[in-house]
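Novice: here is the input, now give the coordinates:
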Amino acid sequence: MDAQKIPATVITGFLGAGKTTLIRNLLATANGKRIALIINEFGDLGVDGDVLAGCGDETCSEDDIVELTNGCICCTVADDFIPTITKLMESDRKPDHIVIETSGLALPQPLVNAFNWPEIREQVTVDGVVTVVDSAAVADGRFADDHDAVQAQREGDESLDHESPLEELFEDQITCADMIVLNKTDLLAADRLDFVEGEVRDATERRVKLIRAGMGNVPGADVLLGLGVGTEDDMAARRSHHEIHHEDGHEHDHDEFESFVVSGGAVTDPAALRDRLVDIIEAHDVLRLKGFLDIADKPMRMVVQAVGKRIDTYFDRDWAAAEPRSSRLVVIGLHDMDEAAIRAEIAAALV
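Specialist: The predicted structure is shown next:
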């Protein structure tokens, strides 16, 4: 990797895998290295950027964080991503390293390929792609289907020419990785973790370094940075389903996923709300739910991060004096989810 170029690390992974927690730990262990953070958030409420900006660490000041809220960085490389990188390079305080957190719904391949654009290639290189995997979710079969069963179904029905969108996305993120972090391993017994590791290795023909992480013990800057791969020069071996479909004449379609924001007032019973949200997520097969809650009689706001039936909550900072207090939750699901019903049920729970 060219030592004169600024290295960039791409952090990718499915919804709720733990990318934001990993990045916060990376920033906290950067040992004075100036890091610029680009977040490609999916949805109208920039939850992850707000959480990271409030972490209080010198390496993640608000001036060093850029949010691209379109939800699909691969569609707006020329309009959003390249100008962002160019602005960073023209800054009087150039970063020592760039960290990019992709949306849980984004394909990493187009983003890495963007580093071959002339405006970027001369100054920045991809140090490595780190994919974060929710081990417990994969063990439950939520983000990875039975490959043998899918193959048998394809062979029995000639009309099925590719796998489900969620499995394709999971495989694309694994295929592009230089390092894979198997997160939340503390939720699994040893035999189930071995199963997950096998599923992940089977999702790519490339040999990739796997790291197990659990109990909040995620790797930091010393592990994640300095891989020196130059990933943009090795994309022929990391083709995504997206690229293969385009070669076959398929159109690029992001309608598989949708998101919306539900707002409400102060919450008087957080435990009851948590139980209600679990029921709503399960009843409507919501992929991801995240946001902030205004808890009555509490000076701090509560962060909500949910995937499947698991919901994590914590207080991250005080409400600012001029900041309007409210509860806002982003809901992410497939395009056919019943938005009206979900919105009504969450709004009723926020009363």
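
Novice: after the strand of greatest length in the chain comes which helix or strand?
Specialist: Ranked by residue count, the top strand of the chain under DSSP state E comes out as strand 124-134. Tracing the chain past strand 124-134, the next element assigned as helix or strand by DSSP states H and E is helix 135-139.

Novice: which elements pack onto that following helix?
Specialist: For helix 135-139, the packing partners by 3 or more C-beta pairs under 8 Å, 6 or more residues apart in numbering; DSSP states H and E come out as helix 190-202. Yep, even glycine has a C-beta here, placed from its N, CA and C like the rest.

Novice: now the helix it packs on and strand 124-134, what's the angle there?
Specialist: Orientation of helix 190-202 against strand 124-134 (axes from the mean of the first three to the mean of the last three C-alpha atoms, to 10 degrees) gives an angle of 140 degrees.

Novice: who's in contact with the closest residue to Gly128 other than its chain neighbours?
Specialist: Leaving aside its chain neighbours, Gly128 sits nearest to Leu227 (3.4 Å; criterion: C-beta to C-beta, 6 or more residues apart in numbering). Listed by C-beta atoms under 8 Å, 6 or more residues apart in numbering, the contact set of Leu227 reads Thr9, Asp127, Gly128, Asp178, Met179.

Novice: if you set the cut-off to 10 Å instead, what comes out?
Specialist: Contact analysis of Leu227 by C-beta atoms under 10 Å, 6 or more residues apart in numbering lists Met1, Pro7, Thr9, Val126, Asp127, Gly128, Val129, Val130, Asp178, Met179, Lys209.

Novice: sketch out the low-pLDDT regions of the stretch 1-150 of the chain for me.
Specialist: Residues of the stretch 1-150 of the chain that meet the criterion pLDDT under 70 lie in 1-3, 41-80, 105, 143-150.

Novice: quick one, helices of it?
Specialist: 19-28, 47-53, 82-90, 108-113, 118-121, 135-139, 147-156 (DSSP state H, counting those that start in this stretch).

Novice: against which helices or strands is whatever helix or strand Leu273 lives in packed?
Specialist: Assigned by DSSP H and E, Leu273 belongs to helix 270-284. If you count contacts as 3 or more C-beta pairs under 10 Å, 6 or more residues apart in numbering; DSSP states H and E, helix 270-284 packs onto strand 288-294, strand 300-307, strand 310-318, strand 327-334, helix 339-349.

Novice: wait, which of those is closest to Arg276?
Specialist: Minimum separation from Arg276 across those (C-beta to C-beta) falls at helix 339-349, 4.2 Å.

Novice: relative to strand 327-334, how tilted is the closest one?
Specialist: 150 degrees.

Novice: helix 339-349: which residues count as buried?
Specialist: Within helix 339-349, the residues scored as buried using 16 or more other C-beta atoms under 10 Å are Glu339, Ile342, Arg343, Glu345, Ile346, Ala349.

Novice: that one: how far from the chain's middle?
Specialist: Computed by C-alpha atoms, centre = their mean, to the nearest Å, the separation of helix 339-349 from the middle of its chain amounts to 25 Å.

Novice: can you check stretch 24-34 too?
Specialist: For stretch 24-34, the separation from the chain centroid amounts to 19 Å (computed by C-alpha atoms, centre = their mean).

Novice: domains of this protein?
Specialist: Annotated domains of the chain cover 6-247, 257-349 [automatic domain parsing].

Novice: and among those domains, the most buried is which?
Specialist: domain 6-247 (a mean of 19; mean count of other C-beta atoms under 10 Å).

Novice: and for the residue most central in space within the chain, nearest residue in space, chain neighbours not counted?
Specialist: Centroid-nearest residue in the chain, with C-alpha atoms, centre = their mean: Gly104, separated by 3.5 Å. Closest residue to Gly104 apart from its sequence neighbours, by C-beta to C-beta, 6+ apart: Leu15 at 3.8 Å.

Novice: roughly how far does the one you found sit from Lys33?
Specialist: Going from Leu15 to Lys33 by C-beta to C-beta, to the nearest Å gives 29 Å.

Novice: sounds good, over and out.
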